[in-house]
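In: How does the following fold in three dimensions:
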Amino acid sequence: MNYIFLGLFAVFSAIHLYYSWIHEPKWRARTKPFLLLFLLLYYVTTASHVHITLVLALFTSWLGDVLLIPKGHKWFTMGGISFLISHILFIAVYVRRIHLPSAVWILILLAGLVYIGISVWVMNSVKANTPKSMVVPMSMYLFTNSAMNLFALLQLMSLKNTGAAVAFAGAVLFFASDCTLFLVRYHDNKNMVFRKHFTVMLTYLLAEFLIAFGMILIG
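Out: Numbering: from 1, shown residues only. Just a heads-up that it's a prediction; the model follows:
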């Protein structure tokens with residue numbers, strides 16, 4: 001059964017990415033609610049030990065997807081809140097496996113500076129077209145995503161295994177997806193991001209899958 005759900009996730013992701021590529025919003029909206037649903041079902045039918053925190057993280061990601069379907073700043077904000085909760089839940093998943101004496105703190109510091117630098121650059125790039133009331137919340141969102149990435153890196157340093165490396169790769173892609181989304185939505189040059197929502201969704205779907213699969217490998 002788990003391979004059926006994985007296959008459905010792959011098929012619906014491919015369909016959604018195709019409609020993202022050709023800029024067909026109606027069918028993007030129709031396929032989007034199924035994406036994380038099938039990934040969640042794949043996780044719970046595959047993992048040797050189902051972690052409720054990860055289930056909640058995937059669920060709030062699914063909810064964020066659904067809330068981002070309607071247009072408008074209100075829906076964008078609500079979707080962002082749901083994804084913010086998702087990132088916090090991912091942190092809760094990683095922190096249980098972190099062994100602080102294994103951390104290489106200079107690398108954590110350097111990685112943190114890179115994430116902060118990219119976040120500041122993205123917000124400066126979109127600030128002119130972003131409603132003033134959303135600048136601070138969007139900045140805090142990117143910083144939370146950055147923190148999620150650092151905790152994934154700490155998990156990798158602690159476990160030093162394939163599953164942790166896969167989960168960290170997923171975290172990096174999640175950060176790339178969110179940065180791209182902000183640029184697609186609010187940057188002056190709408191053509192600066194390749195194929196707009198295709199890039200956002202490709203990195204996002206890979207991110208969610210790699211995080212879930214990495215945690216399956218960890219057990």
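In: center of this protein - which residue?
Out: What sits nearest the mean C-alpha location of the chain, by Cα atoms, centre = their mean, is F174, with 3.3 Å.
In: Three-state assignment for that residue, please.
Out: Following DSSP: H, G, I helix; E, B strand; the rest coil, we place F174 in the helix state.
In: Where does the residue nearest to it when sequence neighbours are not counted fall, secondary structure wise?
Out: The spatial neighbour of F174 that comes closest, neighbours along the chain excluded (Cβ to Cβ, 6 or more residues apart in numbering), is A207 at 3.9 Å. All C-beta atoms are positioned from the backbone trio N, CA, C, and that covers glycine. Using DSSP states H and E, A207 sits within helix 197-218.
In: same thing with V50?
Out: With DSSP H and E as criterion, V50 is part of no helix or strand.
In: Contacts only, for it.
Out: By Cβ atoms under 8 Å, 6 or more residues apart in numbering, the contact set of V50 is Y43, V44.
In: Equivalent analysis for the one 3 residues further on, please.
Out: Residues in contact with T53 (Cβ under 8 Å, 6+ apart) are L89, A92, V93.
In: these two touch, right, the residue nearest to F174 and D178?
Out: No - with contacts defined as Cβ atoms under 8 Å, A207 does not count as touching D178, sitting 9.3 Å away.
In: Give me the more crowded residue out of these two.
Out: Each of A207 and D178 had its neighbours counted (other Cβ atoms under 10 Å), and the higher figure belongs to D178 (25 against 22).
In: nearest residue to that one other than its sequence neighbours?
Out: Counting by Cβ to Cβ, 6+ apart, the nearest residue to D178 once its immediate chain neighbours are dropped is N145, at 5.4 Å.
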